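Visitor: Please find the sequence and the predicted model below.
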Amino acid sequence: MIRFIDFKIIPLEKGDIEFISEITKELKRDKVDILDKHIPRNEEFIKMCSYCKSIKVDEKNWIGT
């Protein structure tokens, strides 16, 4: 699922911050095999963007899913 989110950061008194988020749109997306919990894998971690789900493949490159 791809979600479009409006995200507001509001400064408050005493240095507090208010965060407001709202999902404004959702789209279905194709299955991403690397995210399938049933596929066998090793113990290595992957670095993935929580927003766009791109995966870091080396220090300078990311691949989109």
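Guide: In hand now; what should we look at?
Visitor: can you give me the strands for the protein?
Guide: Residue ranges of the strands in the chain, as given by DSSP state E, are 2-11, 17-27, 55-56, 62-63.
Visitor: Comparing those strands, which comes out most buried?
Guide: Highest mean neighbour count among these (mean count of other CB atoms under 10 Å): strand 55-56, with a mean of 15. C-betas here are computed from N, CA, C, even on glycine.
Visitor: who does it touch, helix- and strand-wise?
Guide: Packing contacts for strand 55-56, counted by 3 or more CB pairs under 8 Å, 6 or more residues apart in numbering; DSSP states H and E, involve strand 62-63.
Visitor: Walk me through which strands the strand it packs on pairs with, and which way each runs.
Guide: Its sheet considered, strand 62-63 pairs with strand 55-56 (antiparallel) by DSSP bridges.
Visitor: so how far is the partner strand from its chain's centroid?
Guide: Centre-to-centre, strand 55-56 and its host chain are 11 Å apart (CA atoms, centre = their mean, to the nearest Å).
Visitor: pLDDT (mean, whole number) over that strand?
Guide: Averaged across strand 55-56, pLDDT comes to 88.
Visitor: which residues sit against that strand?
Guide: For strand 55-56, contacts defined as CB atoms under 8 Å, 6 or more residues apart in numbering pick out I34, I46, K47, M48, C49, W62, I63, T65.
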